[in-house]
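> next input, structure requested:
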Amino acid sequence: MNMKQKVLITGATGFIGSHIADELLKRGYDIRCTIRKTSSLQWLKDKPIELVETSFNNIEQIKKAVEGVDYIIHNAGAIAAKSEEDFMNSNFIATKNLLDTAIEIVPNLKKFIFISSQTASGPAKSLDKPVTEDDGFNPLSPYARSKRAAEEYVLSKKEIYPIVILRPSAVYGPRDPAILEIFQMVNKGLATLIGFKPHYVNLIHSTDLVKGIADAMESDKTNGNIYFLASEEAYSWDQIMSILKRHLNKSFLIKLKIPHFLVLTIGAISGFFGKFSKKPPIFYYEKAVEFIQEYWICSVEKAKKDFNFKTSIPLEEGLKETIDWYKANNWLK
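Numbers count the residues shown, from 1 in each chain. Next up, the predicted model:
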């Protein structure tokens, strides 16, 4: 590999983006990351990374960010917003601006990788039929619809530009603040389960995810394609809670099963009051609709076939490592 190849990573100050940067540094790439004035640099400081302040509404700043790079991994986006329009601005318009500018400024780019989400395609209908890349679309929330809109725009350029779309399933691992609350609840002896039937998810450890992203970037076969990146196995929340109970050394665990109607009610109330707060609500009605789906599962056969994607960290090992990291960093006591 040519040591001078440069990768632009957006959203690199966050959980997944910072792990992408670490993986590509290991592989010998030069790394440039976009940051905002308000970004915390805790995961990037003291590393050989070029930082470029960039707003995705500012085309001149985007031009400076993309100039001279060989690859772009667009991982930035909003997971919380006040309205569908705000989601569209952060996830669709930002992607469009970045891609359009890249096409103009870096016509010979090797690859533009858009990090989308499993939610862009929607849940599966049953445990024995995980969603594939060829299935239709059923995005259930404003976030999911904004990611799907961005996907459609990126796909519209595949005849003229080397694009790849990656859809991670639920991700966990060190540095992840989003799933921390589940660990904290189990640490207090309480497991919250949605509905009265088992609900299944694919989970992927951040290390496996970023290796998959880097492998997709380096593969000659991925151009113009969409891929799910996830565990091959679907896990029930009961399984996940049992592993957490074991590794948090809990002698008992109260399992609180919340009926779907109550989850939807909480989502509606949270979303309503969220409109009056400074910060956008993380939980709202359509997010609750996503929560009550029984099968957030997808197939990774296409990624296995095209670039030998595989996961190497078993769930038990990955959750224990995450617990140990949370404790070492005083996120969990």
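
> do you have the strands of the stretch 1-150 of the chain handy? List them.
6-10, 30-35, 49-53, 71-74, 111-115 (DSSP state E, counting those that start in this stretch).

> next helix or strand past the least confident helix or strand in the chain by mean pLDDT?
Ranking every helix and strand in the chain by mean pLDDT, DSSP states H and E puts helix 285-291 at the bottom, with a mean of 71. Scanning forward in sequence from helix 285-291 by DSSP states H and E, the next helix or strand is strand 295-296.

> quick one: residues in contact with that following strand.
118, 123-127, 130, 169-170, 199-202, 234 (CB atoms under 8 Å, 6 or more residues apart in numbering). Using the backbone N, CA and C atoms, a C-beta is placed for each residue, glycine as well.

> what about that strand, average pLDDT?
In this model, strand 295-296 carries a mean pLDDT of 90.

> and Met185, its phi and psi?
phi -60, psi -50 (degrees, to the nearest 10).

> and for the closest residue to Ile115 other than its chain neighbours, the neighbour number?
Nearest non-adjacent residue to Ile115, counting by CB to CB, 6 or more residues apart in numbering: Asn75, 4.4 Å away. Asn75: 26 surrounding residues under other CB atoms under 10 Å.

> next: Val52.
16.

> ok so, going back, dump the strands of the stretch 1-150 of the chain to TSV, plus mean pLDDT and distance to Ile254.
Shown next, in TSV, are those (pLDDT from 0 to 100; distance: least, CB to CB, whole Å):
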stretch	mean pLDDT	distance to Ile254
strand 6-10	96	41
strand 30-35	93	42
strand 49-53	91	44
strand 71-74	97	42
strand 111-115	97	37
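
> now tabulate those strands in CSV and tack on distance to Ile269.
Formatted as CSV, those follow (distance: least, CB to CB, whole Å):
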stretch, distance to Ile269
strand 6-10, 34
strand 30-35, 35
strand 49-53, 38
strand 71-74, 34
strand 111-115, 31
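
> helices along this structure, start to end?
Shown for the chain, the helices assigned by DSSP state H span residues 15-26, 59-66, 84-87, 94-105, 142-155, 180-187, 206-218, 237-247, 260-274, 285-291, 301-307, 315-328.

> nearest to Asp134, out of those?
helix 301-307 (8.6 Å; CB to CB).

> of all the residues in that closest one, which ones are buried?
Lys302, Ala303, Asp306, Phe307 (16 or more other CB atoms under 10 Å).

> for stretch 178-197, same thing?
Those would be Ile179, Ile182, Phe183, Met185, Val186, Asn187, Ala191, Thr192, Leu193, Ile194, Gly195, for stretch 178-197 by 16+ other CB under 10 Å.

> out of the contacts of strand 295-296, flag the one nearest to Ile103.
Nearest to Ile103 out of the contacts of strand 295-296 is Gln118 (CB to CB; 27.0 Å).

> pull the number of nearby residues for that closest one.
24.

> okay, and for the stretch 51-200 of the chain, where does confidence drop off?
Residue ranges of the stretch 51-200 of the chain with pLDDT under 70: none are present.

> just to revisit the earlier point, can you redo the buried residues of helix 301-307 as JSON lines with pLDDT and distance to Thr10?
Below are these laid out as JSON lines (pLDDT from 0 to 100; distance: CB to CB, whole Å):
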{"residue": "Lys302", "pLDDT": "96", "distance to Thr10": "25"}
{"residue": "Ala303", "pLDDT": "96", "distance to Thr10": "22"}
{"residue": "Asp306", "pLDDT": "95", "distance to Thr10": "24"}
{"residue": "Phe307", "pLDDT": "95", "distance to Thr10": "22"}
